[in-house]
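**Student:** Curious how this folds, go ahead:
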Amino acid sequence: MEYRVGISILIVVCTIAAMAIMLIKSKRWAAKQTINEETYVVCYRPVYRVIIAVGVLFFLLLTVAMLLLADMLIFLPFIIFFLTGGFCVSFWGIVVYEDKGILIYYHPPFRPVQIKISEIEKVQFLENRLNSFERYRIRICHHARRHLDISDMMQEFYRLAVYLSQNEAGMGAEEDIYRQYSCGSYRIERGCFQQGGVVIETSELSDNFSVAEKTSGKVATAAFALFWLTASVLFVFNWKEWSRGDPSYPLLFAAVTLVALAGVIRFVSKMLRKVSVCNHRIRVRNGIGRVSTYHIREISAVEEKGSFIILYAGGRRIVKMPQDDSFMAWLEMELSNVE
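**Tutor:** Model prediction:
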């Protein structure tokens, strides 16, 4: 019993120390970046740190209770998971140097990335019409790909939005020798998120958009897979203690492993699935990453089944996706032009 108490005290002390160190270091990091009035950090609001801290403390209590009562550390991986998330949230940020025209993107555990305003190719200002606390989002495209997504639930969001808008608008003004290097050549596009089970990215200046799974859906699926994967690993490490000669234990372990495997497959499928629309073509990426492109003339049938829409090409089903007003309007327009 004494060693259980000792381990419990060690886990509590190490967890609280890790949280305190991350909090102090993140504050010092943020203070170090803001060297003048034209430099600021776009980062997560403190409420996210509070949510993570509550999660850590919750699983810390459960871990200590399970250790003292049953000598099991079943919830310890969740503490580590939340601490890792807290580290990423604390040091995630975009440092904006307005006087230099530079953005530095910090996204641990990866190396910081420096982006010059002059190298940005496109900035999308998107309005979120889903049932979400988030209302607006900025999307920055750099080196021919989507690079940054910034939500209005982050600190200094509106200041960055004003800067990016004025930067583009100021390109036609008189050249200022002190700020000329901060003027980029990107174009501004405005669009919105539509209702439905997917996110529709649209633009007023182009007839292109992509259909992908919502971030909330990806996170929920990832959490489901992680939970059952952790459970299956714990079953392996505690085989002798938990089985105790019970013949049903291997069956229980097999069931948990199958659920974990199904969760991983579903998560990978959600991450890979995507439908893109561009220049009268539909580009479909399925759950294993294989990409197929179809011209609108190849669409042989459209079937509405409940809240889903199924597209056929040559009598073969090519994609099943939730119905959406924007996609349906685009599809009807394209099909009518073909006819």
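
**Student:** where's Val41, which helix or strand?
**Tutor:** Using DSSP states H and E, the secondary-structure element containing Val41 is strand 39-44.

**Student:** Just name whatever secondary elements that strand is in contact with.
**Tutor:** helix 2-33, strand 93-97, strand 154-155, helix 157-169 (3 or more C-beta pairs under 8 Å, 6 or more residues apart in numbering; DSSP states H and E). Every C-beta, even on glycine, is put in place using the N, C-alpha and C of the backbone.

**Student:** Pick the most buried one from these.
**Tutor:** The highest mean neighbour count among the helices and strands packed on strand 39-44, using mean count of other C-beta atoms under 10 Å, belongs to strand 93-97: a mean of 22.

**Student:** okay, now Glu134: neighbour count?
**Tutor:** Neighbour count for Glu134, taken as other C-beta atoms under 10 Å: 15.

**Student:** Any stretches of the chain with poor pLDDT?
**Tutor:** 1, 128-133, 143-147, 167-185, 191-216, 237-247, 278-279, 322-326, 339 (pLDDT under 70).

**Student:** Helices along that one, start to end?
**Tutor:** Along the chain, counting by DSSP state H, helices occupy 2-33, 46-70, 76-91, 157-169, 215-237, 239-243, 249-272, 325-338.

**Student:** Mean neighbour count, those helices: which tops it?
**Tutor:** Most buried among those, counting by mean count of other C-beta under 10 Å: helix 76-91, with a mean of 19.

**Student:** on that earlier part again, can you redo the helices and strands packed on strand 39-44 as a markdown table with distance to Ala254?
**Tutor:** Formatted as a markdown table, those follow (distance: least, C-beta to C-beta, whole Å):
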| stretch | distance to Ala254 |
| --- | --- |
| helix 2-33 | 31 |
| strand 93-97 | 44 |
| strand 154-155 | 44 |
| helix 157-169 | 48 |
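
**Student:** Quick check, Phe75 in contact with Leu62.
**Tutor:** Yes. Between Phe75 and Leu62 a contact is recorded at 4.5 Å, counting by C-beta atoms under 8 Å.

**Student:** which residues do the two both contact?
**Tutor:** Contact with both Phe75 and Leu62 is made by no residue, according to C-beta atoms under 8 Å, 6 or more residues apart in numbering.
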